[in-house]
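**Student:** sequence plus the predicted model coming up.
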Amino acid sequence: MAAKKPLPFSDSVMKQVRSIPRGEVRSYAQVAIYAGRPGAARGVGRELKHLPGQATQVPWWRVIRSDGTLAPPVAHEQAKRLRAEGVTVDERGQVFRVVVKKDGKAL
DNA sequence: AATATGACCATAC
DNA sequence: TGTATGGCCATAT
């Protein structure tokens, strides 16, 4: 019997994105790594772009850039949704990442 | 199969 | 500190 076929890139990415807890953010690169394709950050962004957007169940807005900024095409919508979850977003689209200690306590 | 594009990332200047 | 350049990966044509 053939070995277990790895999930398609897109499915793997979606799975990871959906696993991001509310109020938490993750970078494209980080998602790519968790999806099993380190360095495929661009591919991640491409997949998220393919999403329905507002009508999706995938919390794409929790995926931001590695430097904490938001991607220009969606920055507006994204900032709005992030703030709705308690994530502090600067006017310039800068996200103050929620740092959590191993205790689960916010820093 | 090769080229072009993109919601990126890291480094160099 | 901000801008420019190269690299990486996954689709579309």
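**Tutor:** Received it, and whenever you're ready, just let me know what you need.
**Student:** show me which residues of chain A are close to DNA strand B?
**Tutor:** A:27-29, A:41-46, A:48-49, A:51, A:53, A:60-61, A:63, A:65-67, A:71-74, A:78 (Cβ under 7 Å from any atom of the strand). C-beta here means a position set from N, CA and C on the backbone, and glycine is covered the same way.
**Student:** of those, select the buried ones using a PyMOL command.
**Tutor:** Those of these that count as buried under 16 or more other Cβ atoms under 10 Å are selected in PyMOL with:
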select buried, chain A and resi 27+28+29+41+43+44+45+48+60+61+63+65+74+78
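**Student:** which ones among the residues of chain A next to DNA strand B map onto helices?
**Tutor:** If you go by DSSP state H, those have A:28-29, A:41-46, A:48-49, A:78 in helices.
**Student:** between those, which is nearest A:Arg92?
**Tutor:** Proximity of these to A:Arg92 (Cβ to Cβ) peaks at A:Gln78, which lies at 13.0 Å.
**Student:** so what's whatever residue of chain A ends up closest to DNA strand C closest to, chain neighbours aside?
**Tutor:** In chain A, the residue that lies nearest DNA strand C is A:Gly43 (2.7 Å; Cβ to the nearest atom of the strand). Nearest-residue entry for A:Gly43: A:Phe9, 6.1 Å, with adjacent residues in sequence omitted and distances by Cβ to Cβ, 6 or more residues apart in numbering.
**Student:** just checking, that neighbour touches A:Val31?
**Tutor:** No - taking Cβ atoms under 8 Å as the definition, A:Phe9 is not a contact partner of A:Val31, at 11.1 Å.
**Student:** of the two, which one has the most company?
**Tutor:** A:Val31 (27 against 17; other Cβ atoms under 10 Å).
**Student:** next up, the contacts around the more buried one.
**Tutor:** A:13, A:16-17, A:41, A:44, A:63 (Cβ atoms under 8 Å, 6 or more residues apart in numbering).
**Student:** what is the nearest of the residues you listed to A:Glu91?
**Tutor:** Nearest to A:Glu91 among those, with distances taken as Cβ to Cβ, is A:Val63, at 20.3 Å.
**Student:** okay then, goodbye and thanks.
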